[in-house]
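>>> Here is my input; please provide its structure:
(chains A, B, C and D)
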There are 4 protein chains.
Amino acid sequence: MDAQTKSGLVDTQNLPDDREIAIDRVGVTNVRFPIIVRDKSHQSQNTVALVSLTVDLPHHHKGTHMSRFIEVLNEHGSVVHVENIEMILRHLQKRLHSRQAHVSFEFPYFIEKAAPVTGAIGLMDYTVKFTATANHDDIDFVVTVIVPVTTLCPCSKAISAHGAHNQRGQVTLNVRCRRFIWVEDLIQLVESSASSELFSLLKRPDEKAVTERAYENPVFVEDLVRNVALRANGDPRITWYRVEAENYESIHHHNAYAMIEKG
Amino acid sequence: MDAQTKSGLVDTQNLPDDREIAIDRVGVTNVRFPIIVRDKSHQSQNTVALVSLTVDLPHHHKGTHMSRFIEVLNEHGSVVHVENIEMILRHLQKRLHSRQAHVSFEFPYFIEKAAPVTGAIGLMDYTVKFTATANHDDIDFVVTVIVPVTTLCPCSKAISAHGAHNQRGQVTLNVRCRRFIWVEDLIQLVESSASSELFSLLKRPDEKAVTERAYENPVFVEDLVRNVALRANGDPRITWYRVEAENYESIHHHNAYAMIEKG
Amino acid sequence: MDAQTKSGLVDTQNLPDDREIAIDRVGVTNVRFPIIVRDKSHQSQNTVALVSLTVDLPHHHKGTHMSRFIEVLNEHGSVVHVENIEMILRHLQKRLHSRQAHVSFEFPYFIEKAAPVTGAIGLMDYTVKFTATANHDDIDFVVTVIVPVTTLCPCSKAISAHGAHNQRGQVTLNVRCRRFIWVEDLIQLVESSASSELFSLLKRPDEKAVTERAYENPVFVEDLVRNVALRANGDPRITWYRVEAENYESIHHHNAYAMIEKG
Amino acid sequence: MDAQTKSGLVDTQNLPDDREIAIDRVGVTNVRFPIIVRDKSHQSQNTVALVSLTVDLPHHHKGTHMSRFIEVLNEHGSVVHVENIEMILRHLQKRLHSRQAHVSFEFPYFIEKAAPVTGAIGLMDYTVKFTATANHDDIDFVVTVIVPVTTLCPCSKAISAHGAHNQRGQVTLNVRCRRFIWVEDLIQLVESSASSELFSLLKRPDEKAVTERAYENPVFVEDLVRNVALRANGDPRITWYRVEAENYESIHHHNAYAMIEKG
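Predicted coordinates for the structure are as follows:
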């Protein structure tokens, strides 16, 4: 292989390597990049992603060409949705001469939500992640939603004269699907599994409603992941999932945690 | 004061308080919110901010009304620039019946940059923060830019047979201005004070140029903040500044740090 | 000034500087260092601190000597308490030929606590920070405790048929004292100002007690900082304080915040 | 199952569950806990761990007993090393009536190191993680070391008239072993694979040596993981590894990344 190039500068990356060790993944991480994502109600929303782009590297190459990852990202433009992530993967495989390519885009995602009684409109923020791998012709796609919720402790409610400790929790749901599923549907699946969903804007009648709803729907962290698992099992679009819940316990400084993965 | 309201629900926040202690700041923090910011080259860019909104609370009120902060933010819409931040402050003062109001918006900010030799275009990301306070009629406005740079150590260069340790550093520049100054100008002020600016996309001839430029412009963390201070002193628009630099030393696991504040 | 030294290597830092700009602070940050801190009940505990050490630098010196900060830290040994922090400051002033010196040590701090009913013993973790500045002969010392607590919302309790939203909150109390005050006393001052303190270990009868106590002691974030301020005002040892509280609201994804600083 | 207990308080966790969904992991996370770890040179060192403890939960139980995880941790005491982590796992299996148990301890770890020329002694900090799972009688143990290093870019060196960009990088090495291996040996394995190791304390002659050593040993992030893989392949104690390297590029704001996992 000729490491000399048209710029006259040595192409060190193209030198042969004799350590006989292939690299599973090499590329760039922590790239902040503005993107546009399609959403269910408004067609698209602007947000900012943390991006990683990697490929595999055969044992006989010394290095990959890091600038090409950024070029592929730039050439692709800012619109990122499920369909065109496949194009990025194919583009990476071609430009980097690799069998595999991996991308992930993690970004804040916003949904307009009406308060339960007054209907006051606020913007709830979630975190969404698209992780995709191309292996030769195959594509593996995982969608992740990170959803903050309220959990109210069933034990605390059962044993206390009044009140029950409750707290903010966070559910991370990863899914593989056999056909398209909106991020909004996954978020709704999680929110309906908790003691209550969260809101950005609540007036007093709303706060009363949310407080009472949480008190009437106590869930352990175990109940939360089971409720999500039940709903995911019942959704014909979902072929695999992994759900984690973490409660920022209001009576402890540590967290309660539970996880179920569909085998 | 009547804590009973038209919703028929007690307004606990409106109850009198007899502890005789005024609160300097009360409100909401960590609100993620999509915003549109004006930029020098494209008129505007979409990004996502972490927002805090607070007011002062006189000693005789038990609590503020947290939902009103979110309402003010929502009513204002997503376009955030220097001029209309004053409107948010005035709106907060009015809705919360306060003398003072404080807001901060911190967000990633992107600038298209051409590589120094090939001219290849990439998107560099920075962090920008607008912090503003209204006190009665006065407005105090601070712009902050957080700029990653290269620093190459003058001592290491001077004493070594070849090479010199260099690393990514981060400069945080806060300024008060007597008239409008573009974020791009502040970033350029910082980048020209370092061994080299950073780029998102560099081809081999660019990498050669950037490496050699850094080697020819060694700066200690002390030089870096002094260079920024010199340029800020010479800019008639800047009335106050505080500059901090932190080098993620490539030979240590701790950081080198320097700070200058214009008195 | 002679930049040539006994090692025969140029001392670049000792070169003169003609920019006529003094540096307020220069040194090292983010140094992880194991320390031993005195505690009220056990005489001492082992922990790990994040340390920063800085000095001022007159305008005519190009740079400071970064390795000396680490030498001062090493020579001092691992025992860190209020009294001997002054020694570190004096040592820094002397070794770096500076008028001012600043240090901060931030570290996890543990207190054995008995559950309220069963008396079961657990280890609660807090974060403590010592920040100290020497200016010529003067020493300024600030102790900070970061204390997680439970807050239960008075409004939610007042308007709801049953239950009340509550959550983990965090109080940051900074104080200056005219005479020694134990970290344990500051933590106790904060914990007694909340709806309930937190525990590491609670059995069912304890959970019942903590849940009911929180329900009987609702506090807004405003109440929390005022309760701390009242107690601090009443403590003759405390000459200045700044108290901040941040509630990780269980019904919102943003936080409620309040701050009082004693003028 | 009887949910009524000797305290007279309902044991909600012991209620039967009819959702027919087993939980893979449930327990506590983010527990800060002071520990004592054995080290190669001093027999033991004090540090502070972030701990998680989880078990599996059969489908017919509504909940686990969160307080028992903390009790097991407390009863075990603060000394944590490879051998007695198995005891914690067995204890968890027994107290929680579970087939599986999982623990992880992540903590800063310190090694005294002499500077390469002057021999000046400083304390380098690393991050170490012990992750262990018991499945019935089997134990699976993974040791992780997170090691900061210097990397100097071979391409930048080859094409530039002088100098070469270099930076702090971070290597995460996870291993499974057939017999005991000191954390110090794993760290040394990683450090010898980079352009240079890092030091806490370097005097000028040391800085010269480290700068020149890095210049003479340029490594791409690809070389770094391959060097680690080669050494790990050659160590008869290591049966499995996964090595990741991330370079905080001094010329970019994003990171370069590579990973090799032994299949």
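>>> so where do the strands sit in the stretch 1-150 of chain A?
For the stretch 1-150 of chain A, the strands defined by DSSP state E, counting those that start in this stretch cover A:23-37, A:45-57, A:100-114, A:121-135, A:138-152.
>>> would you turn those into TSV with mean pLDDT and mean neighbour count?
Where you see a C-beta, it was placed from the backbone N, CA and C, and this is true even at glycine. Conversion of these to TSV gives the following (pLDDT from 0 to 100; neighbours: other Cβ atoms under 10 Å in any protein chain shown):
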stretch	mean pLDDT	mean neighbour count
strand A:23-37	97	22
strand A:45-57	97	23
strand A:100-114	97	20
strand A:121-135	97	19
strand A:138-152	97	21
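>>> near chain B at all, stretch A:195-215?
Yes: judged by Cβ under 8 Å from any Cβ of the partner chain, stretch A:195-215 comes into contact with chain B through A:200, A:201, A:202, A:203, A:204, A:205, A:208.
>>> before we move on, back to that, turn the strands of the stretch 1-150 of chain A into CSV, including distance to chain D.
Formatted as CSV, these follow (distance: least, Cβ to the nearest Cβ, whole Å):
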stretch, distance to chain D
strand A:23-37, 4
strand A:45-57, 6
strand A:100-114, 10
strand A:121-135, 13
strand A:138-152, 12
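>>> Residue B:230: which of the ones you listed is closest?
Residue B:230 lies closest to strand A:23-37 among these, at 29.8 Å (Cβ to Cβ).
>>> and that closest one, what does it pack onto?
When contacts are defined as 3 or more Cβ pairs under 8 Å, 6 or more residues apart in numbering or on different chains; DSSP states H and E, strand A:23-37 packs onto strand A:45-57, helix A:66-76, strand A:100-114, strand B:45-57, strand B:100-114, strand B:121-135, helix D:221-233, strand D:255-261.
>>> Tabulate these (CSV), appending distance to chain C.
What follows is the helices and strands packed on strand A:23-37, written out as CSV (distance: least, Cβ to the nearest Cβ, whole Å):
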stretch, distance to chain C
strand A:45-57, 16
helix A:66-76, 27
strand A:100-114, 11
strand B:45-57, 6
strand B:100-114, 10
strand B:121-135, 13
helix D:221-233, 23
strand D:255-261, 18
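>>> Among those, which comes closest to residue C:86?
Of the helices and strands packed on strand A:23-37, the one closest to residue C:86 (Cβ to Cβ) turns out to be strand B:121-135, at 34.2 Å.
>>> Would you give the sheet partners of that closest one, along with the direction of each?
According to DSSP bridges, the neighbouring strands of strand B:121-135, each with its direction, are strand B:100-114 (antiparallel), strand B:138-152 (antiparallel).
>>> could the residues of stretch A:195-215 next to chain B be laid out in JSON lines, adding pLDDT, secondary structure and neighbour count?
Conversion of these to JSON lines gives the following (pLDDT from 0 to 100; DSSP: H, G, I helix; E, B strand; the rest coil; neighbours: other Cβ atoms under 10 Å in any protein chain shown):
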{"residue": "A:200", "pLDDT": "97", "secondary structure": "coil", "neighbour count": "26"}
{"residue": "A:201", "pLDDT": "97", "secondary structure": "coil", "neighbour count": "23"}
{"residue": "A:202", "pLDDT": "97", "secondary structure": "coil", "neighbour count": "27"}
{"residue": "A:203", "pLDDT": "97", "secondary structure": "coil", "neighbour count": "18"}
{"residue": "A:204", "pLDDT": "96", "secondary structure": "helix", "neighbour count": "23"}
{"residue": "A:205", "pLDDT": "97", "secondary structure": "helix", "neighbour count": "17"}
{"residue": "A:208", "pLDDT": "97", "secondary structure": "helix", "neighbour count": "21"}
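>>> Tabulate those (CSV), appending distance to residue C:45.
Rendered in CSV, the data for the residues of stretch A:195-215 next to chain B read as follows (distance: Cβ to Cβ, whole Å):
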residue, distance to residue C:45
A:200, 42
A:201, 45
A:202, 43
A:203, 47
A:204, 46
A:205, 49
A:208, 45
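>>> Could you single out the nearest of these to chain C?
Chain C lies nearest to residue A:208 out of the residues of stretch A:195-215 next to chain B, by Cβ to the nearest Cβ, at 4.5 Å.
>>> which parts of the stretch 151-263 of chain A sit against chain D?
For the stretch 151-263 of chain A, the residues in contact with chain D under the definition Cβ under 8 Å from any Cβ are A:154-155, A:158-159, A:220-223, A:225-226, A:229-230, A:233, A:246, A:253-261.
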